[in-house]
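Asker: Let me see the structure of the following:
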Amino acid sequence: MAKFFLVFLSLIFFSFSAFCKDYKIGELIDIAEQNSANIRAAQYSALAQKRLANQQKYWSNPVISVGRLGGQDIYGVSQTIPFYNKLQSKYDIEEAEFRVLETRKTNLALFVKSEVFSLLYQYQALKKKIELAQKRLDRLTLVDKYLATIVLSSPTKKAQWQITKDKIRLVERDLIKYRNELYQTWNLANVYLNLESEPTNINFEWLDDSNYKGKKFFVEAAIENNLELKEQKILVSKYKSELSFAKVE
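Answerer: Residues are numbered from 1 along each chain as shown. Next comes the predicted model:
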């Protein structure tokens, strides 16, 4: 019986350890990206478009004909020969479409990661608020217990006691609100993460003077790496290729 009990405790411990663990925020963001079916679908669509683009480089298959004329069998093979630069223009069009899909896939992945990043920081901030509110509630409860043990003779002291009770009710209300928000925020984040349970701890990195490079740096980086601008540039090159192909046609 004792041996069975020890095995049972071991199973519970290992199961709990498997479900609850420490994570770095970067690890959770990677999990969200890997779990996203939308990102995988966008990736497969881009790969299919890439194969279609590569096919445009080649000539059409030859056409073999078999017939009979004047009592004799005749055979023929014909091959369509494209005009100069026609295949390259077709390839450029489809290749540009591939790069558009690839950019959209990257943009989708960035959206998922930024959404999880934001939700996890909100989650951590709410945990801090709950911790601080609980400490404040504990202090006010001690004051309330102390005031309950002494004789409050003056109206001022009775008023202070009532103020303390009101503060306790306010903090309790805030705690309920924070816990509800924490539950909702975690569920929103877990739509992307699909974890069995909340992590025991998440290691966060917070901005400080040593790693904050200034507003100008971030604005310039955002413009330079903007995926929507990149997509528009690719579309311009695609339209140029379509114009070139139309001229050949």
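
Asker: low pLDDT regions in the chain?
Answerer: The model of the chain has pLDDT under 70 over residues 1-20, 79, 207.

Asker: Give me the helices and strands touching whatever helix or strand Val100 lives in, please.
Answerer: Following DSSP states H and E, the helix or strand that holds Val100 is helix 86-149. Other elements packing on helix 86-149 under the criterion 3 or more CB pairs under 8 Å, 6 or more residues apart in numbering; DSSP states H and E are helix 25-35, helix 37-55, helix 155-193, strand 201-203, helix 227-248. Backbone N, C-alpha and C define where each C-beta goes, glycine included.

Asker: elements contacting the third one?
Answerer: Using 3+ CB pairs under 8 Å, 6+ apart as the contact criterion, the elements in contact with helix 155-193 are helix 25-35, helix 86-149.

Asker: what angle separates the shortest one from helix 37-55?
Answerer: Taking axes from the mean of the first three to the mean of the last three CA atoms, to 10 degrees, one finds helix 25-35 and helix 37-55 inclined to each other by 60 degrees.

Asker: roughly how far is helix 25-35 from the heart of the chain?
Answerer: Computed by CA atoms, centre = their mean, to the nearest Å, the chain-centroid distance of helix 25-35 equals 7 Å.

Asker: And for the longest one?
Answerer: In this view, helix 86-149 has its centroid 8 Å away from the chain centroid, taken as CA atoms, centre = their mean.

Asker: now stretch 34-42
Answerer: Worked out by CA atoms, centre = their mean, stretch 34-42 lies 10 Å from the chain centre.

Asker: Over to stretch 226-236?
Answerer: Counting by CA atoms, centre = their mean, stretch 226-236 comes out at 21 Å from the chain centroid.

Asker: Report the buried residues of that stretch.
Answerer: For stretch 226-236, the neighbour count (16 or more other CB atoms under 10 Å) marks 227, 230-231, 234 as buried.

Asker: got it, and stretch 38-51?
Answerer: Buried-residue list, stretch 38-51, by 16+ other CB under 10 Å: 39, 42-43, 46, 49-50.
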